[in-house]
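Q: turn this into a structure:
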Amino acid sequence: SVRYRVAAINGVGMGPYVIQTTDVTLPKAGTQPGAPTGLTLVATNFTTVTLSWVAPSGTVTGYDVQWSETGKHNWAATTNQPTDQTVTSITDDVPAGQTRYYRVAAVNSAVIANAGRGPYSDSVRLGGPADQMGTVTLSTQAPMVGTAITATLRDADTPLSNHVWQWQKSMDKASWMDITGAGATAMSYTPAAMDEGYYLRATVTYTDKNRSDRMAYSMATDAAVTLPADQMGTVTLSTQKPLVGMAITASLTDADGMVSGQMWQWQKSMDKTSWMDITGDMTATYTPVEMDEDYYLRATVTYNDKNRSGRMAESMATDMVTVPSDDASLSSLSLMDSDGMAIDLMDMNDMSVAFAPDTRMYYADVANDVDMIEVMAAAMDSNAMVSVMYGADDMMATMMDGGGYSVPLMAGENTVKVNVTAEDGTTMTYTVMVDRAVMMTLFERYDANDNMVLDKGEILKAIDDYLNHRTISKEQVLELIKLYLSGTS
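A: Below is the predicted model:
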């Protein structure tokens, strides 16, 4: 029991007390309940969790159940709050994909502030070590018709087994329907054209180490299914220089793939603006005829790809159609050694001659030390093709950077052929017989009289070659002098 007194105070001082004449008896503080124990959480479906705990000792009239996304702050009361001390289990609704921590405290009727609520139990995480919640992720959140999406399930309560997948679609992310058809019950699903405009998600039922009725589903895709970017088909032609009588082939490529139902139409134009259909040819190959001369050509095609039907594409316009030339003649032909020195063309009488387009046969002589020549040949018609071959086996000569053809020579006679092919396929061959000198002995080289004996004039020629031309060495001159003095070969 206690008594109280009170006095007034002003700027002068404090006045006399008035004394309470009766005793006041304060109530005793209530006994605070203990903390509940054994708090467990069980997810009963995608959005509902069941909490249960063991009641503490002491008087209990109800419980305070709270949740938090972090388990550290911002605790809030659950929607369901038990008011009966006999109730030690409740259910709570959890938004899809949210992580929650729970705690519970016992409550009694003690009247001192806060004394009536005991300490909270340890917090427990929904999907914590005791019961991990499975999660499903998708390989993309932007689905596209024709491009596969793969779902992946993760659950720490391994091992996992008995996966049963089901893909679903929705127009509003609220009402979902099962997808039927290829891949709809597999991990990977390829959206079809009928899925355009829908959001997708993947669901799975499976077994983990704790139970066999587990379920999980992915978040809805961020975007509705769309058709892939509309890839334009392209048409290319085998040549841009059409010739009467020479076939042209058109080729279609389309990055969307699954091309089918191609219907070709060739067209011609005098100005590349106004086009008319060419009748009778509905294939990818067309052979221009004489009435197409001086017209431009193009190929058009209608077809289907994997996204849509009735696609159209067309080629670039060609050059004007021309009649192919039959000119297979050369305008020039010349030979040169590896030092860049010109080699004379000769007739069959070993007389030097100038090249003439109408003359098909020529001759040339080179020293033994010339083992390679370059053949320069130009066609009269710029659209004709030139090639060079050599030897008995008609080996193909290699074109050099300067435009000539490199031809190796053997000692003796070498056949060189210059072939010209005109636009219309007409061919013409020019032949050059190149005679490379055979290697001679030193004695044969200076035995000008070919009498097997060296005379004074031949020795003086050798000395002159050494002194003035250096085409023979001093040792070779001495060898020839010995042969001269001995009178032998």
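
Q: neighbours of residue 78, how many?
A: Neighbours of residue 78 under the rule other C-beta atoms under 10 Å: 20. (C-beta placed from N, C-alpha, C; glycine too.)

Q: what's near enough to touch it?
A: Neighbouring residues of residue 78 by C-beta atoms under 8 Å, 6 or more residues apart in numbering: 65-67, 90, 92, 102.

Q: can you check residue 320 too?
A: Residue 320 sits next to 242, 293-296 when contact means C-beta under 8 Å, 6+ apart.

Q: that one: helix or strand, and which one exactly?
A: Assessed by DSSP states H and E, residue 320 sits outside every helix and strand.

Q: same deal with residue 173?
A: Assigned by DSSP H and E, residue 173 belongs to no helix or strand.

Q: confirm for me that it is in contact with residue 200.
A: No. Using C-beta atoms under 8 Å as the test, residue 173 is too far from residue 200 to be in contact (10.1 Å).

Q: what's the overlap in contacts for those two?
A: Shared between the contact lists of residue 173 and residue 200 (criterion: C-beta under 8 Å, 6+ apart) are residues residue 220.

Q: among those two, which residue is more densely surrounded?
A: More crowded of residue 173 and residue 200, by other C-beta under 10 Å: residue 200, with 25 against 13.

Q: might one say that the more buried one is in contact with residue 149?
A: Yes. Contact status for residue 200 versus residue 149: in contact at 7.0 Å, counting by C-beta under 8 Å.

Q: re earlier: which of the contacts of residue 78 fall within strands?
A: The members of the contacts of residue 78 that map onto strands under DSSP state E are 65-67, 90, 92, 102.

Q: counting contacts, what elements does the longest helix along the chain pack onto?
A: If you go by DSSP state H, the chain has its longest helix at helix 474-486. Judged by 3 or more C-beta pairs under 8 Å, 6 or more residues apart in numbering; DSSP states H and E, helix 474-486 is in contact with helix 442-446, helix 456-464.

Q: pull out the buried residues from that helix.
A: Residues of helix 474-486 classed as buried under the neighbour-count rule (16 or more other C-beta atoms under 10 Å) are 476-477, 480, 483-484.

Q: same check on stretch 311-328?
A: Of the residues in stretch 311-328, 311, 313-315, 317-318, 320-322, 324-325, 327-328 count as buried by neighbour count, 16+ other C-beta under 10 Å.

Q: hang on, the earlier thing: between the contacts of residue 78, which is closest to residue 302?
A: residue 92 (61.4 Å; C-beta to C-beta).

Q: nearest residue to that closest one other than its sequence neighbours?
A: In space, residue 92 comes closest to residue 78 once its chain neighbours are excluded; the distance is 4.9 Å by C-beta to C-beta, 6 or more residues apart in numbering.

Q: for residue 396, which non-adjacent residue is spatially closest?
A: residue 389 (5.8 Å).

Q: element containing that neighbour, please.
A: In this assignment (DSSP H and E), residue 389 forms part of strand 385-390.

Q: ok, which pair from the buried residues of helix 474-486 is furthest apart?
A: Pairwise distances across those peak at 12.8 Å for 476 and 484 (criterion: C-beta to C-beta).

Q: did I read that right, residue 194 in a helix?
A: Yes. Counting by DSSP: H, G, I helix; E, B strand; the rest coil, one finds residue 194 located in a helix.

Q: low-confidence bits of the stretch 1-150 of the chain, can you list those?
A: Applying pLDDT under 70 to the stretch 1-150 of the chain flags the ranges 1-2, 20-30, 45-46, 96-97, 110-116, 127-132.

Q: can you list phi and psi of the closest residue to residue 300 other than its chain neighbours for me?
A: Nearest-residue entry for residue 300: residue 314, 4.3 Å, with adjacent residues in sequence omitted and distances by C-beta to C-beta, 6+ apart. When read as degrees, to the nearest 10, the backbone of residue 314 gives phi -150, psi 150.

Q: ok, the residue nearest to residue 396 - contacts?
A: Per C-beta under 8 Å, 6+ apart, neighbours of residue 389: 395-397, 416-417, 419.

Q: may I see the ChimeraX selection of the buried members of those residues?
A: To isolate the buried ones among those in ChimeraX, judged by 16+ other C-beta under 10 Å, type:
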select :397,416,417,419
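
Q: other SSEs contacting the helix or strand where residue 313 lies?
A: Element membership of residue 313 [criterion: DSSP H and E] is strand 311-314. Contacts defined by 3+ C-beta pairs under 8 Å, 6+ apart place strand 311-314 against strand 234-237, strand 296-304.

Q: that older thread, shared neighbours, residue 200 and residue 149?
A: Shared contacts of residue 200 and residue 149, defined by C-beta under 8 Å, 6+ apart, are found at 138, 143, 189, 191, 221.

Q: helix, strand, or coil at the fourth one?
A: Spelled out, that is residue 191. The three-state label for residue 191, taken from three-state DSSP, comes out as coil.

Q: report how many residues lie close to it.
A: Using other C-beta under 10 Å, residue 191 has 25 neighbouring residues.

Q: for it, what are its contacts?
A: By C-beta under 8 Å, 6+ apart, the contact list for residue 191 reads 143-147, 149, 200, 225.

Q: buried ones among those residues?
A: Counted by 16+ other C-beta under 10 Å, the contacts of residue 191 give 143-146, 149, 200, 225 as buried.

Q: and which of those residues is nearest residue 437?
A: Looking across the buried ones among the contacts of residue 191 and measuring by C-beta to C-beta, the closest to residue 437 is residue 146, at 73.4 Å.
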